[in-house]
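> Here is my input, please return the structure:
(2 chains)
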Amino acid sequence: MRFLCSLLLLSCVALFACRKPSTSTPDPEPQTGQLEIVFKPVYQGAPMVFFEDIPTGLQSNEYLYFQKLEFFVAELKVQQTNNLTINLEEVDYVELGDLVTAAMAEEGYTLRYDNLPVGDYDELSFGVGLTDALNSMDPGDFGTLSPMSNTGRYWPSWNSYILSKVEGTYKQPNGNTNFVYHTGVDGMYQPRSFATNFSIAADKITQVVIHLHGEDLFFKQGQAISISDDNLTHSGAPGSRGYELAKRVNINIANALRLP
Amino acid sequence: MLSHRIILGIALLSCSIIACHDTDIDDTGDLTHIAYAPTSYTVVPPQGLPPMEIPADNPMTVEGINLGRHLFYDPILSVDNTISCGSCHKIEKAFTDGEAVSKGVNGLVGRRSSMSLINVGYNWIRNRPHNFMWDGRFATLEEQAVQPIIDPVEMANTWANVEASLQAHPTYPEMFREAFGISDKDDITIDLVGKAIAQFERTLNSADSRFDRDRWVPFEYMSSQELRGMTLFLGDAAGSPNAKDGECAHCHSFSPNRALFARNGFSNNGLDAATTLDDFPDLGFGAVTGRAPDNGKFREVTLRNIGLTAPYMHDGRFATLEEVMDHYSTGLHPAPNLAPELATARDLPTLTQSEKDDIIAFLHALTDTSYVQSRPEWRSPF
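Have a look, this model is predicted:
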């Protein structure tokens, strides 16, 4: 017995002691590329330029003059064709108000994400606004690189972020109506997903373009907003008129986003 | 005879003592014999303000701050040695100067009002090109700090002159060595001047107003008038959807942990009428960006210490806060890019005098003068 144990022990020692060093090469660094999500404002198919009169298309001599259209996007993700989900960013911000020429509007506003695994993808998803969890944060909790640090996107009396802002003027023959829609408080987050096939190649940039259809913000049947009657909201308590109008604005922004 | 020898001996001894005194800067300008061991300095944020972000290429040190403080108050930066940064940024006026527009050397009149430096370090937003000045022309505090030196209506000097003056100074080379580790006095550059001044300015932080004490100090409260003013300042949804809205917090925004009362943006707040976007007498932000929609826009300043920084607006046109309130209430001028928050403000024209007084009372509750006595290190060292 002792002999057998000793033999076994010696065999184990010999087995591991005499193992040849591994000659395999280390796994190569996974290849990655970059994704750009490009938001392009359009109005009836044409680039939507800010600080310019845009014919509404409803009646002659009627225009929309946008000064600001911006919003949080959250839970940005992409999905590979094998159903693997890649998280891009927890929160980001889209600001279209600086697109003051047709060329700039055509170029759009770009969100860029690095280090995506090379491969084929078939879905992009994000939400317009902020989740309730994100909305419970404070701008002081973030460094200045985060869009959540800007107190101009925060409303202290609500203890809420301002999830989206749409500002401008509605010009009609019988007069102008300025509009300001600031949406906020919990319960307005609008998740969206876009089925789109794209590939990420090593060290290359891939773009996914999303159009924001300006005409759908106010004039789409079933979700229309009468600017003349309701030109202003700073949101409000759930159930209030201000709250419902703000939520409608957020829904309309989300629904106005479409793949080309 | 003996007394003459004694006198001569004393004279010779005195000369030898003076001649052999070990001066820190030798004639070659070499500074390497001076120790370079900077002491790291951490900006402790006041309660209610977040940690301050410091650029990686200008870490804070005790020596850098001390050098910056000296440079800030030294008229050596101006062409005729009469004007320093402190001439237009006085501690008693929250580091403004009480003038509509600042005056430079020879009484030359500028075109913009001096801006407060209290909490100025928080104006820096990483990767944003427009962070400082009324028109946002500077990205960093370091860049801004040295521009008045060459402005012809401010210090009217040249950077080359300043560098030469500092290099020839009896004490600044050593201070630059201790702050930045330069090897020779010729290594004193305007970039290092900007860095030192910026380090000093990043220490000028305070948030100890009645508003802050109401929030953070037990049993200290704002008055009922100040609280009414804050409700108007915040506007609707501040408790009641029917509350009147002064629209103030759109631009002068704050949060519990970032109570800066400024969103650090640029707006047209209705100071000048304009039919087109090119009509403005002062293009402001638009002159920097080159974009017409930015014409007539100016920086939204912090309202902290606003009670100390009269007169108001980029050109100091309003002498009092009462005039400011009257402007917002009934004096807004139309323009294609007038801030929509003001263009849609239903309640502003209906504010009563009592309501305006309440808002002004709240603005005064944002005044913090604690540092005037408690921070001697912010004053001139000369």
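
> Spell out which parts of chain A neighbour chain B.
Counting by CB under 8 Å from any CB of the partner chain, the residues of chain A close to chain B are A:50-51, A:65, A:67-68, A:98, A:100, A:138-141, A:143-145, A:149-158, A:167-169, A:178-180, A:231-232, A:234-237, A:240, A:242. Heads up, the C-betas are built off the backbone N, CA and C, glycines and all.

> Selecting buried members of the residues you listed in ChimeraX, what would you type?
Remark: buried members of the residues of chain A next to chain B, expressed as a ChimeraX selection using 16 or more other CB atoms under 10 Å in any protein chain shown:
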select /A:50,51,65,67,68,98,100,138,139,140,144,149,150,151,152,153,154,155,156,157,158,167,168,169,178,179,180,231,232,234,235,236,242
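
> among the residues of chain A next to chain B, which are in helices?
Among these, the residues falling in helices (DSSP state H) are residue A:242.

> Test my guess that residue B:74 contacts residue B:82.
No: counting by CB atoms under 8 Å, residue B:74 does not reach residue B:82; the two are 11.3 Å apart.

> Buried residues, the strand or helix carrying residue A:134. List them.
If you go by DSSP states H and E, residue A:134 is part of helix A:132-135. If you call a residue buried by 16+ other CB under 10 Å, then helix A:132-135 has these buried ones: A:134-135.

> what residue is smack in the middle of chain A?
residue A:73 (3.3 Å; CA atoms, centre = their mean).

> Leaving out the residues flanking it, which one is nearest to that one?
If the residues on either side of it in the chain are set aside, residue A:73 comes closest to residue A:126, at 4.6 Å by CB to CB, 6 or more residues apart in numbering or on different chains.

> Surely the one you found is in a strand?
Yes: counting by DSSP: H, G, I helix; E, B strand; the rest coil, residue A:126 is part of a strand.

> Distance of it relative to residue A:118?
Distance, residue A:126 to residue A:118, by CB to CB, to the nearest Å: 22 Å.

> Neighbour count for those two, which is higher?
Taking neighbours as other CB atoms under 10 Å in any protein chain shown, residue A:126 and residue A:118 compare with residue A:126 leading, 26 against 14.

> can you map out the helices along chain A?
A:2-17, A:102-107, A:132-135, A:215-218, A:241-256.

> Going by mean pLDDT, which of those comes out lowest?
In terms of average pLDDT, helix A:2-17 trails the rest of the helices of chain A, at a mean of 58.

> SS state for residue B:231?
helix.

> from what I can see it touches residue B:245, true?
No: using CB under 8 Å, residue B:231 is not in contact with residue B:245, being 9.6 Å away.

> Overlap of the contact sets of the two?
Residues touching both residue B:231 and residue B:245 (CB atoms under 8 Å, 6 or more residues apart in numbering or on different chains): there are none.

> ok so, going back, in this structure the residue nearest to the centre of chain A contacts residue A:91, no?
Yes: the pair residue A:73 and residue A:91 passes the contact test of CB under 8 Å, sitting 7.2 Å apart.

> show me where pLDDT drops low in chain B?
Chain B contains residues with pLDDT under 70 at B:1-26, B:236-242.

> the strands in the stretch 151-260 of chain A, which residues?
With strands called from DSSP state E, counting those that start in this stretch, the stretch 151-260 of chain A shows them at A:154-155, A:160-172, A:175-184, A:190-200, A:205-213, A:232-233, A:257-258.

> Just say which of these is most tucked in.
strand A:154-155 (a mean of 26; mean count of other CB atoms under 10 Å in any protein chain shown).

> now residue B:268, which residues is it bridged with?
Legend: beta-bridge partners of residue B:268 under DSSP bridges are residue B:338.

> what's near enough to touch it?
B:296-298, B:335, B:337-339.

> can you pick the most crowded of the residues you listed?
Highest count within the contacts of residue B:268 by other CB under 10 Å belongs to residue B:296, 30 neighbours.

> To which secondary structure element type does the residue nearest to that one when sequence neighbours are not counted belong?
Nearest residue to residue B:296, sequence neighbours excluded (CB to CB, 6+ apart): residue B:280, at 3.8 Å. Here residue B:280 is recorded as coil under three-state DSSP.

> same check, this time on residue B:213
Relying on three-state DSSP, one would call residue B:213 helix.

> how far away is it from residue A:225?
Using CB to CB, residue B:213 is found at 44 Å from residue A:225.

> Span of stretch B:65-79 from start to end?
End-to-end distance of stretch B:65-79 (CA to CA, to the nearest Å): 24 Å.

> Hmm, I typed the wrong one, I wanted stretch B:184-194.
One end of stretch B:184-194 to the other measures 18 Å (CA to CA).

> Show me the contact partners of that stretch.
So stretch B:184-194 is contacted by B:25, B:28-31, B:71, B:77, B:141-143, B:145-146, B:149, B:159, B:162-163, B:166-168, B:172-173, B:176, B:179-180, B:182 (CB under 8 Å, 6+ apart).

> Go through it and flag the buried ones.
For stretch B:184-194, burial by neighbour count (16+ other CB under 10 Å) applies to B:185, B:187-194.

> Setting the sequence-adjacent residues aside, check what's closest to residue 70.
You didn't say which chain, so I picked chain A. Excluding the flanking residues, the one nearest residue A:70 by CB to CB, 6+ apart is residue A:95, at 4.3 Å.

> meant chain B, my bad for not saying
Leaving aside its chain neighbours, residue B:70 sits nearest to residue B:381 (5.7 Å; criterion: CB to CB, 6+ apart).

> List the residues that contact that neighbour.
Residues in contact with residue B:381, defined by CB under 8 Å, 6+ apart, are B:66, B:69-70, B:73.

> And for residue A:117?
Counting by CB under 8 Å, 6+ apart, the residues that residue A:117 touches are A:30-32, A:80, A:86, A:200.

> What residues are bridge-paired with it?
Bridge pairing for residue A:117 - DSSP bridges - gives residue A:32.

> ok, now how distant is it from residue A:81?
Distance of residue A:117 to residue A:81, given as CB to CB: 12 Å.

> Also residue B:270?
Residue B:270 sits at a distance of 54 Å from residue A:81 (criterion: CB to CB).

> ditto for residue B:98
67 Å.

> Could you do residue B:365 as well?
Distance of residue B:365 to residue A:81, given as CB to CB: 59 Å.

> Residue A:258 and residue A:210 touch, don't they?
Yes: counting by CB under 8 Å, residue A:210 is a contact partner of residue A:258 at 7.1 Å.

> since we're on the residue nearest to residue B:296, how many residues are nearby?
With other CB under 10 Å as criterion, residue B:280 counts 21.

> what's near enough to touch residue A:51?
If a contact means CB under 8 Å, 6+ apart, then residue A:51 has A:65-67, A:100, B:277, B:292-293, B:336-337 as its contacts.

> what does residue A:171 give?
A:53, A:62-65.

> List just the nearest of the residues you listed to chain B.
Among these, residue A:65 lies closest to chain B (CB to the nearest CB), at 7.7 Å.

> my guess is the closest one meets residue A:49, correct?
No: Residue A:65 lies out of contact with residue A:49 (CB under 8 Å); the separation is 10.0 Å.

> How much space separates the residue of the stretch 151-260 of chain A found nearest chain B from residue B:285?
Nearest residue of the stretch 151-260 of chain A to chain B, counting by CB to the nearest CB: residue A:152, 2.9 Å away. Residue A:152 sits 15 Å away from residue B:285, going by CB to CB.
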